[in-house]
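Colleague: Compute the structure for the input listed below.
(one chain, ligands or ions: 2)
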Amino acid sequence: MIKRVEINYRGIFQKNLGKKIGSDIVMIASRMGQRAFSNGRYSDSPERNGIPCKYFAFVSPDLSEEELEAECGAKLEIDEANVSVVRDDTMCKGVEPWGWHGIRPINEKVVKGGSLLVFSKKEHSDLLKFIGKKPYEYNLAILDGDASFAGLWVNKDDLTHERTLGGIAALDPALISIEAVESYLLDKTKQKHRAEAARAAYDSLRQESKPPRVKVVTSQEGIDWTHEIPILPKWFEMPEGAVVPAVKRGFQVGPRGQSRNLTFKRGTTKSQRPAVRFDLCTKCTLCWAECPDECFDPTSDGFYDIEYQYCVGCGKCAEVCPVKECIVMVDELRFEDNSSPYEHWKSDSKGYIQWVEEKKGKDRVSYSVVTGKGVIVTAGEVMPEGKIVGIKKVEEAEL
Ligand code: SF4
Ligand code: SF4
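Modeller: Ligands and ions are numbered 1, 2, ... in the order given. Got it, this is the predicted structure:
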């Protein structure tokens with residue numbers, strides 16, 4: 001028998017976190033007398049900021065090391081997962097880990113009776129608005145927490161790693177038991193609070209709590225998955241030599257006017273998206289010029305629409321926009337679709353301003369991704385329609 005864990009993480013920002021969870025599952029399962037190994041995969045090579053990636057851990061009570069490796073090693077994807085960990089709840093909208101593989105449901109690999117373990121501050125019903133239906137029952141477990149982004153090769157060490165181990169132990173004790181998790185963490189770190197964090201996470205999923213943190217999801221719950229999964233060409237259908245058809249170029253003015261690679265929409269890379277107040281826009285062109293993914297489409301009246309399917313949520317546009325509250329980065333889970341904000345504004349400007357301010361909410365959240373210090377929350381402001389206030393940009397070095 002083999003049990004499989006997949007750890008869905010965002011490339012670079014959570015790389016070390018994913019790796020630590022995978023390797024510690026191996027160490028803990030080994031202490032329980034099981035055979036185990038873990039491996040990772042590049043979901044995009046080179047692994048880039050925010051791209052959905054996976055780390056895997058495999059555990060078996062009865063196979064030899066060689067048999068386990070023969071069955072699970074050197075695979076880019078697994079067929080099924082007993083526990084699928086989701087390190088950032090915005091990945092519940094679907095992940096496209098490889099160009100041409102399409103946007104996949106986050107629970108695609110979860111087996112019948114298996115578990116999807118999501119770190120989130122939201123409720124099950126909020127997440128199920130985005131998660132695809134399964135033909136069978138599985139558990140949706142939520143551990144309270146934010147996405148725990150760190151920087152390039154940095155581990156934030158905010159006990160998320162320990163809490164994940166406790167959560168896995170609660171959902172599938174045959175994989176790793178909470179006692180083995182605690183004793184491993186104590187032996188390895190000599191720090192009691194790490195074992196306590198794992199136990200608290202375990203308790204939050206095992207004990208009756210209101211509202212319950214583990215929900216059995218039925219085959220009726222979730223959404224019908226509408227993203228098409230591309231059919232890859234067979235090897236004998238590929239043209240000889242390295243023929244890579246060029247992306248058709250074109251720069252028509254208007255929504256979706258830019259030429260972009262239709263086969264590689266990197267929208268699932270983002271955890272936040274830019275929300276725009278067009279009534280505050282001075283048409284300075286900076287967002288259009290600076291966006292690294294060419295998401296802004298010039299419109300015939302000089303504004304810039306956004307094509308969210310290609311937006312990776314880097315926040316560059318919000319940083320360069322010189323007008324207060326004109327572009328604000330907002331939690332991706334607050335949006336149901338990728339429709340054009342410019343068309344919305346043109347059809348109903350007052351309704352759009354009200355809608356976008358509701359999405360923006362009161363707080364402005366940002367991540368200091370270089371040093372991995374975590375989430376920074378500042379107060380937002382609702383600007384009256386058309387009230388343009390410039391902001392002085394200050395260069396700040398993260399210490
Ligand atoms: S956040 Fe802004 S700059 Fe970054 S990819 Fe999206 S639209 Fe472009
Ligand atoms: S950066 Fe801001 S003000 Fe300038 S064009 Fe873009 S949205 Fe308008």
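Colleague: Next, the buried residues of stretch 301-321.
Modeller: 303-308, 310-318, 320-321 (16 or more other CB atoms under 10 Å). Glycine gets a C-beta too; all of them are placed from N, C-alpha and C.
Colleague: near ligand 1, from these?
Modeller: Filtering the buried residues of stretch 301-321 for neighbours of ligand 1 using CB under 6 Å from any ligand atom leaves Ile306, Cys311, Val312, Gly313, Cys314, Gly315, Lys316, Cys317.
Colleague: Skipping adjacent residues, who's closest to the second one in space?
Modeller: In space, Cys311 comes closest to Cys295 once its chain neighbours are excluded; the distance is 4.7 Å by CB to CB, 6 or more residues apart in numbering.
Colleague: about what we covered before: which of the buried residues of stretch 301-321 fall in helices?
Modeller: Judged by DSSP state H, those include Lys316, Cys317, Ala318, Val320 as members of helices.
Colleague: Mind pulling the model confidence for the second one?
Modeller: This means Cys317. Per-residue confidence (pLDDT) for Cys317: 96.
Colleague: Then Glu381?
Modeller: So Glu381 comes in at 92 (pLDDT).
Colleague: separation between it and Arg273?
Modeller: Glu381 sits 20 Å away from Arg273, taking CB to CB, to the nearest Å as the criterion.
Colleague: and if you look at Phe335?
Modeller: Counting by CB to CB, the gap from Phe335 to Arg273 is 6 Å.
Colleague: any common contacting residues for these two?
Modeller: Residues touching both Phe335 and Arg273 (CB atoms under 8 Å, 6 or more residues apart in numbering): Tyr308.
Colleague: More neighbours: which of those two?
Modeller: Taking other CB atoms under 10 Å, Phe335 and Arg273 do not tie; Arg273 has more neighbours (26 against 15).
Colleague: my guess is the more buried one contacts Cys311, does it?
Modeller: Yes: contact criterion CB atoms under 8 Å: Arg273 and Cys311 qualify, at 5.9 Å.
Colleague: Please identify the helix or strand for Ile28.
Modeller: Assessed by DSSP states H and E, Ile28 sits inside helix 15-31.
Colleague: and the residue of the stretch 101-250 of the chain at minimum distance from ligand 2, how many neighbours?
Modeller: With CB to the nearest ligand atom as the measure, Gly250 is the residue of the stretch 101-250 of the chain nearest to ligand 2, at 21.5 Å. Neighbours of Gly250 under the rule other CB under 10 Å: 9.
Colleague: do the same with the one 3 residues further on
Modeller: Residues contacting Val253 under the criterion other CB under 10 Å number 11.
Colleague: Would you confirm that it contacts Gly302?
Modeller: No: in this structure, Val253 is not within contact of Gly302 by CB under 8 Å, at 9.7 Å.
Colleague: Next up, the contacts around the nearest residue to Asp24 once chain neighbours are set aside.
Modeller: In this structure, Asp24 finds its nearest non-sequential neighbour in Leu165, 6.1 Å apart by CB to CB, 6+ apart. Leu165 is in contact with Ile21, Asp24, Ile25, Ile28, Ile176, Val181, Leu185, Ala198, Ala201, counting by CB under 8 Å, 6+ apart.
Colleague: which among those residues gets closest to ligand 1?
Modeller: Of all the contacts of Leu165, ligand 1 sits closest to Ile21, with 28.1 Å by CB to the nearest ligand atom.
Colleague: pLDDT value on that closest one, please?
Modeller: Ile21 is assigned 95 on the pLDDT scale.
Colleague: Give me the distance from the host helix or strand of Arg163 to the chain's centre.
Modeller: Element membership of Arg163, judged by DSSP H and E, is helix 160-171. Averaging C-alpha positions (CA atoms, centre = their mean, to the nearest Å) puts helix 160-171 19 Å from its chain's average.
Colleague: Validate this expectation: Ala200 resides in a helix.
Modeller: Yes: counting by DSSP: H, G, I helix; E, B strand; the rest coil, Ala200 is part of a helix.
Colleague: Just give me the neighbour total for it.
Modeller: Neighbourhood size, Ala200 [other CB under 10 Å]: 15.
Colleague: farthest residue from the center of the protein?
Modeller: Computed with CA atoms, centre = their mean, the maximum C-alpha offset from the centroid of the chain is found at Glu240, amounting to 36.7 Å.
Colleague: tell me the contacts of the residue in the stretch 1-150 of the chain that ligand 1 sits nearest to?
Modeller: Relative to ligand 1, the nearest point of the stretch 1-150 of the chain is Gly50 (9.8 Å; CB to the nearest ligand atom). The neighbours of Gly50, taking CB under 8 Å, 6+ apart as the test, are Arg10, Gly11, Ile12, Phe13, Thr269, Lys270, Ser271, Val312, Gly313, Cys314.
Colleague: excluding its backbone neighbours, what's nearest it?
Modeller: With CB to CB, 6+ apart, the residue lying closest to Gly50 is Thr269, at 4.2 Å.
Colleague: His161 too?
Modeller: Closest residue to His161 apart from its sequence neighbours, by CB to CB, 6+ apart: Lys20 at 5.0 Å.
Colleague: That neighbour is in contact with Lys156, isn't it?
Modeller: No: using CB under 8 Å, Lys20 is not in contact with Lys156; the gap is 10.7 Å.
Colleague: who in this protein is up against ligand 1?
Modeller: Contact residues (CB under 6 Å from any ligand atom) of the chain with ligand 1: Pro274, Cys291, Asp293, Cys295, Ile306, Cys311, Val312, Gly313, Cys314, Gly315, Lys316, Cys317.
Colleague: go again using 5 Å as the cut-off
Modeller: The chain comes close to ligand 1 at residues Pro274, Cys291, Asp293, Cys295, Cys311, Val312, Cys314, Lys316, Cys317, as judged by CB under 5 Å from any ligand atom.
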